[in-house]
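give the three-dimensional model of this entry:
(one chain, ligands or ions: 1)
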Amino acid sequence: MATNTRTANDTETVLRTEGLNIYYGKFLAVSNVWLDIPKNQAVALIGPSGCGKSTLLRCYNRLNDLIESFRAEGNVIYNGKNLYAPDIDPVEVRRRIGMVFQRPNPFPKSIYDNIAFGAKINGFKGNMDQLVEDSLRKAALWDEVKDKLKQSGLSLSGGQQQRLCIARAVAVQPDVILMDEPCSALDPISTLRVEELIHQLKEQYTIIIVTHNMQQASRVADRTAFFNVQTSEKGGRTGYLVEYDRTENIFQDPQQEATKEYISGKFG
Ligand SMILES: Nc1ncnc2c1ncn2[C@@H]1O[C@H](COP(=O)(O)OP(=O)(O)OP(=O)(O)O)[C@@H](O)[C@H]1O
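Next up, the predicted model:
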């Protein structure tokens, strides 16, 4: 049984996960998750490979809908509305809840158009130059690219490309930004820059980050959710939430044996 799974009552909850079971076909990938994501905080999802961190993350902006075998039971409540209700438009969900992926994936377009493209599709009618500058500033990239906005986004370094993807996510004025191992393809200096950026972004956005790097979770996250895998009699491996608490508690005073073992490197 998980502990501290709903202890985000010190601040407003943006995303509420209620008894979520996630299936791929008949396979139960993640079981019975109860988890509140507080506004303007960063929450890290950690745990061994296959425990369902990315699967859960993709439920928060309905990206799993693109997988035919995907099915969810339970509720994901975003600002009071069930994200999986029939009248909810998944495209609008993905605008409000943006995503940054493991590998930087800029469009094969100019730096400027990487930002402007999504904004135009979303009907942005304001000053585009200003939006591009503001978004690049929020992603701590403006000073490095302001003189080469017409160059291809693909001409940037990996770390710059990832910050461009963050700028692109920010440009459509989301509420929440999901990050799926955003630094795993980056060098240590670029990683630090993205981590610093996460601290700045929290002032305006809520962030959920999947990371394999426990130091990273302890550096960037206010709260951390530790997931583990249990093997059924039939051999199926299902992820479940073990413990969710303030990050310092998870790393310095975990309540569950499995969390203690994981953070001390005994498995995973
Ligand atoms: N599209 C899919 N179809 C079927 N099964 C899937 C699919 N995506 C993930 N799975 C399965 O769901 C389980 C959870 O996978 P997921 O990638 O969410 O775990 P994870 O904790 O993010 O792993 P990792 O840390 O290795 O990235 C795994 O058993 C995986 O094989």
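
pretty sure V176 sits against K202.
No. Here V176 lies out of contact with K202, judged by CB atoms under 8 Å, at a distance of 11.2 Å. Any C-beta I mention is one placed from the backbone N, CA and C, and that applies to glycine too.

which one of those two is surrounded by more residues?
More neighbours surround V176 than the other of V176 and K202, with 21 against 18 (other CB atoms under 10 Å).

residue contacts, the more buried one?
By CB atoms under 8 Å, 6 or more residues apart in numbering, V176 lies in contact with V14, L15, I37, Y60, N61, R96, I97, G98, Y205, T206, I207, I208.

residues contacting the fourth one?
Residues counted as contacts of Y60 (CB under 8 Å, 6+ apart) are L15, I37, V76, Y78, L83, I97, V176, L178, I208.

and if you look at the first one?
Contacts here follow CB under 8 Å, 6+ apart; on that basis V14 touches I37, P38, K39, Y78, N79, D175, V176, T206.

of the contacts of V176, grab the buried ones for PyMOL.
Buried subset of the contacts of V176, written as a PyMOL selection, criterion 16 or more other CB atoms under 10 Å:
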select buried, resi 14+15+37+60+61+97+98+205+206+207+208
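
tell me the residues of the chain that contact the ligand?
Within the chain, the positions near the ligand by CB under 6 Å from any ligand atom are 24, 29, 49-55, 67, 69, 237, 239.

and which of these is nearest to I198?
Nearest to I198, judged by CB to CB, of the residues of the chain next to the ligand is K53 at 16.7 Å.

residues in contact with that closest one?
Contacts of K53 by CB under 8 Å, 6+ apart are L45, I46, G47, V210, F227, G239.

help me confirm that the fifth one is found in a strand?
Yes. Using DSSP: H, G, I helix; E, B strand; the rest coil, the secondary structure at F227 is a strand.

show me what it is bridged to.
Here F227 sits in beta bridges with L241, going by DSSP bridges.

right, and it touches G50 too?
No. Contact criterion CB under 8 Å: F227 and G50 do not qualify, at 9.8 Å.

between those two, what contacts are shared?
Shared contacts of F227 and G50 (CB under 8 Å, 6+ apart): G239.

more crowded one of these two?
Taking other CB under 10 Å, F227 and G50 do not tie; F227 has more neighbours (26 against 14).

need the pLDDT of the more buried one.
Looking at F227, its pLDDT is 98.

grab the nearest non-local neighbour of the residue nearest to the spatial centre of the chain.
Nearest residue to the geometric centre of the chain (CA atoms, centre = their mean): L178, 2.3 Å. Ranked by CB to CB, 6 or more residues apart in numbering and with sequence neighbours excluded, the top spatial neighbour of L178 is M99, at 4.6 Å.

backbone phi and psi for that neighbour, please?
Main-chain dihedrals, M99, degrees, to the nearest 10: phi -140, psi 140.

ok, it - contacts?
Residues near M99 by CB under 8 Å, 6+ apart: N61, L63, A169, I177, L178, M179, D180.

and of the residues you listed, the nearest to the ligand?
D180 (7.8 Å; CB to the nearest ligand atom).

on that earlier part again, now the element after the helix or strand hosting the residue nearest to the centre of the chain, going C-ward?
Using DSSP states H and E, L178 sits in strand 176-180. Note on strand 176-180: by DSSP H and E, the next helix or strand toward the C-terminus is helix 188-201.

list the pairing partners of whatever helix or strand comes next after that next one within its sheet, with orientation.
Next along the chain after helix 188-201, taking DSSP H and E as the criterion, comes strand 206-210. The pairing partners recorded for strand 206-210 under DSSP bridges are strand 42-46 (parallel), strand 176-180 (parallel).

since that was my last question, I'll sign off now.
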